[in-house]
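[1] take this sequence and fold it.
(one chain, ligands or ions: 1)
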Amino acid sequence: MGKITISTLDKLKAAGEKFVCITAYDATFARLVSAAGAETILVGDSLGMVLQGHDSTIPVTVDDMVYHTECVCRGGPDSLVIADLPFMGHATPEVTMVNAARLMRAGAQMVKIEGGTWLSDTISMLVERGIPVCAHLGLTPQSVNAIGGFRVQGRTPKEAKSILADAVEIQDAGASLLVLECVPAPLATDISEKLDIPVIGIGAGPGTDAQVLVLHDMLGLSSHSARFVQNFMQGNDSIQAALQAFVAAVKSGAYPQEEHTYK
Ligand code: KIV
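    Modelled structure (predicted):
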């Protein structure tokens with residue numbers, strides 16, 4: 001596939017071709033995910049739940065993220081590697097600069113930050129200093145206590161308007177990508193059409209430019225799965241075949257289906 005860069009993703013969006021993101025936390029899975037053709041790998045702080053066994057991502061530290069980003073990058077993936085800034089890892093612009101630099105030195109090509117317009121200045125500062133940013137709106141799991149649980153966001157017109165406004169402002173601040181998590185499909189489609197930057201959806205319906213799933217969820221290994229998850233091990237006899245099936249399903253539009261989306 002050759003090394004993927006942000007321009008590859010921009011070109012895919014311009015051509016109307018879907019691309020794929022899968023989480024990975026170690027060298028072996030980074031190699032497999034990349035070989036399956038996923039253009040992007042997310043070293044997600046979901047590792048707090050699927051690797052460490054916590055019931056949220058809040059206990060994950062910057063040291064954890066640096067360690068797993070180094071592991072993923074040692075797998076030598078062609079996929080563009082995005083690393084999450086964990087809970088409080090971007091509490092202030094100064095803290096963010098230091099932590100984002102650590103993730104980039106660990107091998108990431110982009111950092112992901114959860115939050116809305118309060119992050120605009122931070123995003124601009126990162127981009128000005130050569131650190132590409134993926135923003136994350138909708139359900140932001142690091143705010144699970146403030147939100148009152150893992151709930152679909154953007155269901156009321158007021159909430160939907162606010163997420164759209166945040167998305168536009170974050171793009172204007174310089175973000176290169178946006179993850180939209182657990183929002184109604186029509187809102188995600190609207191945002192994807194209005195933004196120039198690629199939008200990666202999870203539980204956001206078929207209208208986004210790309211799809212992401214947590215590795216352990218799509219391999220059917222998680223004890224609980226959300227509505228939007230499909231177990232790609234079903235009907236496939238190896239992990240590699242399941243990863244390839246997910247990539248193919250996103251690219252053909254076969255995933256996500258109606259049953260995976262929120263109205
Ligand atoms: O941490 C993670 O894996 C994520 C995805 C769910 C988008 O943020």
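[2] what parts of the stretch 51-200 of the chain come near the ligand?
    84, 179, 181 (Cβ under 6 Å from any ligand atom). Heads up, the C-betas are built off the backbone N, CA and C, glycines and all.
[3] wait, the last one sits on residue 135?
    No. Using Cβ atoms under 8 Å as the test, residue 181 is too far from residue 135 to be in contact (11.2 Å).
[4] give me the more crowded residue out of those two.
    residue 135 (28 against 23; other Cβ atoms under 10 Å).
[5] right, and the more buried one touches residue 170 too?
    Yes. Here residue 135 reaches residue 170: they are 4.4 Å apart, a contact under Cβ under 8 Å.
[6] spit out the residues that contact the two alike.
    Counting by Cβ atoms under 8 Å, 6 or more residues apart in numbering, the common neighbours of residue 135 and residue 170 are 119, 123, 178.
[7] SS state for the first one?
    When you say that, I think you mean residue 119. Following DSSP: H, G, I helix; E, B strand; the rest coil, the label given to residue 119 is helix.
[8] doesn't residue 90 make contact with it?
    Yes. Judged on Cβ under 8 Å, residue 119 makes contact with residue 90 at a distance of 7.0 Å.
[9] any shared contact partners between those two?
    Contacts common to residue 119 and residue 90, judged by Cβ under 8 Å, 6+ apart, are residue 113.
[10] have a look at the two and say which one is more surrounded.
    Higher neighbour count among residue 119 and residue 90: residue 90, with 26 against 23, using other Cβ under 10 Å.
[11] now that one: how far from residue 61?
    Residue 90 sits 13 Å away from residue 61, taking Cβ to Cβ, to the nearest Å as the criterion.
[12] ok, residue 91 next?
    For residue 91 relative to residue 61 (Cβ to Cβ), the value is 13 Å.
[13] the two - which one has more neighbours?
    residue 61 (15 against 12).
[14] how about the nearest residue to that one, chain neighbours excluded?
    Nearest residue to residue 61 in three dimensions, chain neighbours excluded: residue 86, at 6.3 Å (Cβ to Cβ, 6 or more residues apart in numbering).
[15] again with residue 37
    residue 247 (4.6 Å).
[16] please apply the same query to residue 126.
    In space, residue 126 is closest to residue 133, 5.3 Å off (Cβ to Cβ, 6+ apart).
[17] adding pLDDT, write the residues of the stretch 51-200 of the chain next to the ligand out as a markdown table.
    Below are those laid out as a markdown table (pLDDT from 0 to 100):
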| residue | pLDDT |
| --- | --- |
| 84 | 98 |
| 179 | 98 |
| 181 | 98 |
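[18] just put the residues you listed in CSV and tack on secondary structure and distance to residue 242.
    What follows is those, written out as CSV (DSSP: H, G, I helix; E, B strand; the rest coil; distance: Cβ to Cβ, whole Å):
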residue, secondary structure, distance to residue 242
84, strand, 23
179, strand, 22
181, strand, 22
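[19] need the residues you listed in a markdown table (columns: distance to residue 205).
    Output for these, formatted as a markdown table (distance: Cβ to Cβ, whole Å):
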| residue | distance to residue 205 |
| --- | --- |
| 84 | 23 |
| 179 | 14 |
| 181 | 12 |
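[20] of the residues you listed, which is the nearest to residue 12?
    Using Cβ to Cβ, residue 179 is the member of these that lies nearest residue 12, at 16.0 Å.
[21] ok, what's across the strand from the residue lying closest to that closest one once chain neighbours are set aside?
    Among residues not flanking residue 179 along the chain, residue 136 sits closest, at 4.3 Å (Cβ to Cβ, 6+ apart). Judged by DSSP bridges, the bridge partners of residue 136 are residue 114, residue 179.
[22] so residue 136 touches residue 112, yeah?
    Yes. Under the criterion of Cβ under 8 Å, residue 136 makes contact with residue 112 at 5.7 Å.
[23] quick one: common contacting residues for the two?
    With Cβ under 8 Å, 6+ apart, residue 136 and residue 112 have common neighbours residue 179.
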